[in-house]
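Peer 1: have a look; sequence and predicted model below, questions after that.
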Amino acid sequence: RVPDHVILSGGLNNRYWVLEVEERPGHKTLTISCSKSLHPTETCLLKDGWEMTPVCCGDVVHMEGHSDSGAWLVDREQGFLVLLPDSLISGTSISSSIRCMRRAVLGDIFDGGSKQMLNGTIVHEVFQRAATAKDFSLETLSKLADQALHSPQYLGDMYTLGVSQEEMKRELHDYLPSLEHWAKEYLSSPAPKTISLKIRAPSRCQDSATVVTVTELADIEENVWSPRFGLKGKIDVTARVRIQRRSHRTLEEKTVPLELKTGKESNSIEHRSQVILYTLMSLERYNPEAGFLLYLKTGNLHPVVPTHMDRRELLKLRNTLVHYIHNCVDKEKKRSRLSRLPDILTNRQTCQYCPQKINCALYERAVDGNSADVSEDVVRDFLQLETGHLTPPHLSYFSHWLLLCCLEAATMEAKNGRKRVWLRTEKNGSCVGNVQLSGPVTIQSEGVFLHRFQRSSAVLQKGLANSGLASGDRIVVSDQEGRLVGLATGYLCEVSRTCVSCTLDRDLSKFSGVLFRLDGDEGVVGLSTHLTNLSRLMENGQDSDRLRELVVDLRPPEFISNLSSVLPREAKDTVANILKGLNKPQKQAMKKVLLSKDYTLIVGMPGTGKTTTICTLVRILHACGFSVLLTSYTHSAVDNILLKLKRFRVGFLRLGQGQKVHPDILPYTEESIRKKGVHTLSDLEQLYNKELVVATTCMGIKHPIFTRRRFDFCIVDEASQISQPICMGPLFYAKRFVLVGDHQQLPPIVQNQEARSLGMDESLFKRLELHSEAVVQLNVQYRMNRQIMSLSNSLMYEGRLECGSERAATALLTLPFLVSVQSELSSYSKTDPQHDLAWIQATLLPSNPVCFLDCSMAGCKPSDIGVIAPYRLQLKSISALLQSSAFTGVEVNTVDRYQGRDKSLIVFSFVKSTAEEGNLGELLKDWRRLNVAITRAKHKLLMVGSATTLRRYAPVEKLLNHLQQENMISLKHMLKLGATTKLFYICNIKSC
DNA sequence: CCTCTGCTGAGAGGA
């Protein structure tokens, strides 16, 4: 009954499964168990308001407090119930839910937030830099403020907002005197400031005047994950304070959270709640009794002393919030639909500046399309104001995709559930435990700290290299006990048998004695970019209106009739020159793009030179003086085009993290250009506007450049592999667009079965293809020889695919050592007639370009050989066989990863061979995947598999029929040994 | 039955 991915446990960090919920007026009883066998069970009585907790059967809960022989009580005075504790909710989300729960839920589903917060961010930064420097003198503060104003990150923000550096500087300098003042008043000063601390503990007297001195600013931006309370957050400042109570003689030293606020000194319930939540989530670290609010405008310090009631109410809010976030879809009779959210507030003061306004209205109309039964005028007016510009088809497109994204997000969440660091043991994941800091921490650059860890000698070695972690992986650092979870994140640099080095975002040198563990961080990636794009598509504005018309209403694309009006006279010769190298369909594609007023779709069948075509297209547009936004889903696809483009002296700016960019493209990245000297806002503006061509991934559209710059064209490569909401992201920023892809190859990956069946794997490319006037087909290919091409033609393209040249059509594999291998094989056959190797001799012949069996390579360069299999495990065992140095360079990969690439010789292992009539896998049922697999080889394609098994897959059956007709199958020699094994065994005899 | 790539964070403020 309990799904595999759920982890239950008893003890302090317990996790219980809810089996039964019994509701009575005034209380609620849960039957729970912390064992996967669901035996024994315990009970939990919820009352005094806790019975309102939206807990359901099948939820996981954490119990706080104590149980009386298996009976828990959570009421006004004692105990907490933490619903779905492994979903960590941020302190700010919870405090924002005080005013509007709906807004907090929407804030979690959609990205978003207003842009008026730059000032606060920089003031924080200055405070934190001063704290690190331990110097709050006006002089230093002013120097630090200047530094911050020129740092890359804030320049980008200023660019976005269109604020000048001078303006920012003036606002910032208003704060500096009060920062200095605060430090003088509180920071280990000779005359410490008196604060009134209200401690409500029964044994203490009320309202005792207390003296608080900050003795040390112990940490800045401390990251806290608290799986016990289901909370997370970043604590502005962790301070050591000395508390001296008048009534007591004692001096107390405490570590407490300090929350900085740049706004009005409101001491509001939201601000105080944030502090209370910080004290709660750092309970295991410091057990702070109190925290402080520091208002930077005035330099005043407000103590916040939480009571049980405060914590109780905030955790109840958290439970409600987590419930809504996790149940955004209802399942009713096997069909999912969007759930209702908490009601719309329609409070003018609160709603006026709400960043979720449009999503709030959109969601309401998505759940309940006609909204005819909205009783309140205010709500109706609000909905009309926010969504009045949208038609019913617009709203149904939005709600349809919102549902799909929620379904998919839920599946991803469930799959990643077990990957949460605090639930993981060293056995079941990529993890290195029991390591200690060794040597000093060195600062590599701002905010990048190089650490070295060593296996503690007490622990028996199995060697760090086998931990499942490799250099370049993202990691999370925690302590071994699980008290300090998620201390830092970063990347692994080197992994040796005994040592690990890594760069982290925080300096952990103060934890020198602590035993750490490093966990691979797969990263839970939500679908917030999808949803943000969808919400943007519904906005009332020029860019959105245009795209909505094309994408949702499917308005036919328009074209102009005459090239001469778009081609500048001075570019004509250059363009003509560039066109010379192209074949007919490629030229057609160029023309269509130039004539388009809306969009063009380029279908690039396998091997037809998509990359070359895109590269040429960019050169032509560039020559005409058009600006181009060049994107694709993956970094490697973007760089593929840029590597070609680079040779033609076309300048471009590459956006994106240096770590993901191809080394040869690095000089074109923003990062590297900035290092050469970008200090002012106008430097940055120049950088962003300099090049006509800008390249990035579809996800990279959060970059500041897109808040201001617009392009004449946007080109999206791999478009048939990108889901609609992601694909439309870059399209907002260009007047016209070009999608390049091939829907006969792999579609976007969708994990959730229901979402897929509802069409989530339909790309924008495919959706728009119904307008055939926008489509150009590239059907002349140069990759495969005639025989290999015939497979794909019979499987998918009905003969439309053509060879571009006789040379490509007849190209065969060259095997320099063929003669000697053949004679060696003959001699084997002679000495041991039992093992006739004639079949291998036949398959070896270059003149048999397609064989459904296998063979070896007699002198083929390892880098010309690709091995493909549909399953990861198979790849693993093939790789294991190829450990010998002779095979370094042979690339072993999945079908999916081979899309877009080719090799001279491809060995494709179908893997499957079962006698039983069992379940068939999904992978081989996909026509498009098979099509990709068979169109990667240029000269020779070897396929290994069990024909009997494979005939059960319709696509493979069609392929096998064709192979049989063409006499390309060697069926006679079924191998007892695994065919692939034998193949590589022979390879080994005659090393390549 | 097991295929895949994107991207950080949480918060910065105002009612």
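Peer 2: Structure received. Treat the numbers as computed from the prediction; the structure is a model and nothing was measured.
Peer 1: strands of the stretch 551-700 of chain A, residue ranges please.
Peer 2: A:599-604, A:628-632, A:652-654, A:693-697 (DSSP state E, counting those that start in this stretch).
Peer 1: what's the longest one packed up against?
Peer 2: Contact analysis of strand A:599-604 by 3 or more C-beta pairs under 8 Å, 6 or more residues apart in numbering; DSSP states H and E lists helix A:584-595, helix A:610-623, strand A:734-741, helix A:764-768, strand A:775-778 as its packing neighbours. The way it works is simple: take the backbone N, C-alpha and C, and place the C-beta from them, glycine included.
Peer 1: so what's the residue count around residue A:562?
Peer 2: Residue A:562 has 8 neighbours, counted by other C-beta atoms under 10 Å.
Peer 1: are we agreed that residue A:514 is in a helix?
Peer 2: No. Read with DSSP: H, G, I helix; E, B strand; the rest coil, residue A:514 is coil and lies in no helix.
Peer 1: before we move on, back to that, dump the helices and strands packed on strand A:599-604 to TSV, plus distance to DNA strand B.
Peer 2: Converted to TSV, the helices and strands packed on strand A:599-604 look like this (distance: least, C-beta to the nearest atom of the strand, whole Å):
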stretch	distance to DNA strand B
helix A:584-595	25
helix A:610-623	16
strand A:734-741	15
helix A:764-768	15
strand A:775-778	23
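Peer 1: out of these, nearest to residue A:283?
Peer 2: Of all the helices and strands packed on strand A:599-604, it is helix A:764-768 that lies closest to residue A:283, at 48.2 Å by C-beta to C-beta.
Peer 1: who does the closest one touch, helix- and strand-wise?
Peer 2: helix A:542-551, strand A:599-604, helix A:724-731, strand A:734-741.
Peer 1: name the surrounding residues that touch the first one.
Peer 2: To tie it back to what came earlier, the one meant is helix A:542-551. Helix A:542-551 is contacted from outside by A:389, A:394, A:397, A:536-538, A:555, A:557, A:598-599, A:724, A:728, A:731-733, A:764, A:767-768, using C-beta atoms under 8 Å, 6 or more residues apart in numbering.
Peer 1: now swap in the shortest one and tell me
Peer 2: With contact meaning C-beta under 8 Å, 6+ apart, strand A:599-604 is reached by A:550, A:557, A:589, A:592-593, A:610, A:613, A:719, A:736-743, A:765, A:768-769, A:774-778.
Peer 1: in the stretch 51-200 of chain A, what residue comes closest to DNA strand B?
Peer 2: Closest contact between the stretch 51-200 of chain A and DNA strand B, by C-beta to the nearest atom of the strand, is at residue A:120 (2.4 Å).
Peer 1: might one say that that residue is in contact with residue A:264?
Peer 2: No. Under the criterion of C-beta atoms under 8 Å, residue A:120 is not in contact with residue A:264, lying 11.7 Å apart.
Peer 1: so for the two, which sits in the more crowded spot?
Peer 2: Between residue A:120 and residue A:264, counting by other C-beta under 10 Å, residue A:120 is the more crowded of the two (15 against 11).
Peer 1: looking at this, the more buried one is in a strand?
Peer 2: No. The assignment for residue A:120 by three-state DSSP gives helix, which leaves it out of any strand.
Peer 1: name the nearest residue to it, ignoring sequence neighbours.
Peer 2: Of all residues not flanking residue A:120 in the chain, residue A:262 sits nearest, at 4.2 Å (C-beta to C-beta, 6 or more residues apart in numbering).
Peer 1: quick one, phi/psi of residue A:677?
Peer 2: Dihedral angles of residue A:677 (phi, psi; degrees, to the nearest 10) stand at phi 120, psi 80.
Peer 1: quick one, which of the contacts of strand A:599-604 are buried?
Peer 2: Neighbour-count burial (16 or more other C-beta atoms under 10 Å) applied to these gives A:550, A:557, A:589, A:592-593, A:610, A:613, A:719, A:736-743, A:765, A:768-769, A:774-778.
Peer 1: which residues of the stretch 451-600 of chain A lie near DNA strand B?
Peer 2: A:474, A:489, A:505, A:521, A:523, A:525, A:526, A:527, A:528, A:529 (C-beta under 7 Å from any atom of the strand).
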